[in-house]
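Colleague: just need the structure, nothing else, for what follows:
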Amino acid sequence: MNLRRLWAIMIKELRQLRRDRVTLAMIMGMPILQLVLFGYAINLNLRDLPAAVADQAQTAGSRAAIQDMLASGVVEAKATAQTPQQLVDLLREGRISVGIAVPPDFERRKLDGREAIQVMVDGSDNVVQSAAGQLAQYPLNQPDNFHARADTPISIVSFYNPERRSPVNIVPGLIGVILTMTMVLFTAVAIVRETERGNMELLITTPVSRTELMIGKVLPYAAIGLVQTSVVLLLGLWLFRVPVRGTLWDVYMAASLLILANLSLGLLISTRARSQFQAMQMTFFVFLPSILLSGFMFPYAGMPHPAQWIAELLPLTHFMRLIRGIMLRGADLGDMWPDSVALLVFIVVMLTLAIRLFHKRLD
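Modeller: Numbers count the residues shown, from 1 in each chain. Presented below is the predicted three-dimensional model:
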């Protein structure tokens, strides 16, 4: 082995790596991204879960008990309700994760040692369910006379997944993860593949406009994404008995929004990449934040506010809320319209940028 020739090859490889800015960014950016996400954004100790209170007793004791629960830091009042049914509606719409219901005969129930407060929990997220269960462990409303009990009996009622089966939470989210991984990757290599195979010269000579070309690249993969959605739904029902409490129409509409959002993002990546390898590298910067910040693996409520702001920019975050709401809580797209609108805006912005940045020429 000639050390001089070996050294020359090493220097050549380093210079080539320096010219490849995408690979260099991957080498430096991926460790930083993982360190920040796992060390800063991921937090399993949930605090400030969005909650609503329906205090039908309106006594000094009930108000004190509610204040004690809010002071625990586990929940944060985001809405008010008049009846327990309104709390159930807020849970179904995904506006809250915890509902606190105080019955009109709160004081009598407390004196008798019966259930005095009912905590309704959105069981579509097992981590949220476990965190809300901590409320039953707090001593509330210390007695002011010897006839009262030393605490207020609290019952925890889990909606939508009382058995706490993991597949019920995981399978709906897997639809979004699979669609994100496949749709972004497929379209990220779509344009650069035409250039590498020499097909771009033929496309340049055709009367096809760039808008027609970009949309024509998207639609076949959209059909593939719907087939993938159907496969996951069927296997989830057959193997794990995962329910679909909403309508299939809403499920496929939500899936279509995510598919189009991911395809638009993939096309934008494809217009910036110079090779298929670069396109695949750039998709990694989408996969990692999407899976970690969307609420699929780690609870959204446990993230700091800057991480939540980043998560709101990711299509998978909004789809997780939509698909879990439709499949597990029986909600519809109208109940969760902010997430539907967010996906529509993302599609329009990404597709517009991709069309504007794409040029039918070889340079």
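Colleague: list the residues that contact residue 133.
Modeller: Listed by CB atoms under 8 Å, 6 or more residues apart in numbering, the contact partners of residue 133 are 121, 156. For the C-beta atoms, the positions are set from N, CA and C on the backbone; glycine is no exception.
Colleague: start the count at 48 instead of 1 going forward.
Modeller: Let's use 48 as the start, then, which means that last one is residue 180.
Colleague: which one is residue 341 nearest to, not counting chain neighbours?
Modeller: Nearest non-adjacent residue to residue 341, counting by CB to CB, 6 or more residues apart in numbering: residue 363, 4.0 Å away.
Colleague: the stretch 98-247 of the chain: strands as residue ranges?
Modeller: 122-127, 145-149, 164-169, 201-206 (DSSP state E, counting those that start in this stretch).
Colleague: what about the residue lying closest to residue 153 once chain neighbours are set aside, how many residues nearby?
Modeller: In space, residue 153 comes closest to residue 104 once its chain neighbours are excluded; the distance is 3.7 Å by CB to CB, 6+ apart. Neighbour count for residue 104, taken as other CB atoms under 10 Å: 21.
Colleague: and the pLDDT for residue 104?
Modeller: For residue 104, the pLDDT comes out at 90.
Colleague: these two touch, right, it and residue 149?
Modeller: Yes - at 5.1 Å, residue 104 and residue 149 qualify as touching, with contact defined as CB atoms under 8 Å.
Colleague: returning to what we had before: out of the strands of the stretch 98-247 of the chain, indicate the one that is most buried.
Modeller: Most buried of the strands of the stretch 98-247 of the chain, by mean neighbour count (mean count of other CB atoms under 10 Å): strand 145-149, with a mean of 25.
Colleague: that one pairs with which strands, parallel or anti?
Modeller: Sheet pairing here is set by DSSP bridges, and for strand 145-149 it gives strand 96-102 (parallel), strand 164-169 (antiparallel).
Colleague: CA atoms only: put it into PDB for me.
Modeller: Provided in PDB are the C-alpha atoms of strand 145-149 (Å, rounded to 0.1, in the frame of the first residue of the first chain):
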ATOM      1  CA  VAL A 145     -59.400  16.700  30.400                       C
ATOM      2  CA  GLY A 146     -62.900  17.600  31.600                       C
ATOM      3  CA  ILE A 147     -63.600  18.200  35.200                       C
ATOM      4  CA  ALA A 148     -67.300  17.800  36.200                       C
ATOM      5  CA  VAL A 149     -68.600  18.900  39.700                       C
END
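Colleague: ok and that strand relative to strand 122-127, angle-wise?
Modeller: If you take axes from the mean of the first three to the mean of the last three CA atoms, to 10 degrees, strand 145-149 sits at 70 degrees to strand 122-127.
Colleague: contacts for strand 145-149, please.
Modeller: Contacts of strand 145-149 (CB under 8 Å, 6+ apart): 96-104, 109, 112-113, 116, 122, 128, 131, 134-135, 137-138, 163-169, 175, 179, 182.
Colleague: if we can go back for a sec, relative to residue 255, which of the strands of the stretch 98-247 of the chain is closest?
Modeller: With CB to CB, the closest approach to residue 255 among the strands of the stretch 98-247 of the chain belongs to strand 164-169: 48.3 Å.
Colleague: so the closest one versus strand 201-206, what angle?
Modeller: Using the same axes, to 10 degrees, strand 164-169 lies at 30 degrees relative to strand 201-206.
Colleague: which residues are contacting strand 164-169?
Modeller: 112, 116, 131, 134-135, 138, 141, 143-150, 153, 175-176, 179-180, 182-183, 187, 199-207, 376.
Colleague: how far away from the center of its chain is it?
Modeller: Relative to its chain's centre, strand 164-169 lies at 23 Å (CA atoms, centre = their mean, to the nearest Å).
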